[in-house]
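Enquirer: Sequence plus the predicted model coming up.
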Amino acid sequence: MTPFTFMNTTSLRTRAPFLALAATVTLTVLASLSHYADRQVQAEQFAQATPSAPTQVVVVTGKRSING
């Protein structure tokens, strides 16, 4: 019996539930990862939107004079 003989004798009725189970598990894992990533992105966006300290801007005008 070769490995391909097993696949040929397996009916669609046997393989369909395993395909559905694999698809369900895959989609569940992807959905949970997406939900986890969304929460991290929202937290990062909130942290960037609220400044933690006021920004100070220093503007220097004038020129140095050379003595000598």
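Expert: The structure has been received and is ready for your questions.

Enquirer: At the geometric centre of this protein, which residue do we find?
Expert: In the chain, the centroid-proximal residue (C-alpha atoms, centre = their mean) is Ala37; its distance is 4.7 Å.

Enquirer: For it, give its distance to Thr26.
Expert: For Ala37, the distance to Thr26 (C-beta to C-beta, to the nearest Å) stands at 17 Å. From N, CA and C alone the C-beta is placed, and that goes for glycine too.

Enquirer: swap in Val41?
Expert: According to C-beta to C-beta, Val41 stands 22 Å off from Thr26.

Enquirer: And Asn67, by the same measure?
Expert: Distance from Asn67 to Thr26, counting by C-beta to C-beta: 76 Å.

Enquirer: Count the residues that sit near Leu21.
Expert: Here the number of neighbours of Leu21 (other C-beta atoms under 10 Å) works out to 10.

Enquirer: nope, Gln42 is what I was after
Expert: Gln42: 10 neighbours (other C-beta under 10 Å).

Enquirer: And for Phe18?
Expert: Per other C-beta under 10 Å, the neighbour tally for Phe18 reads 10.
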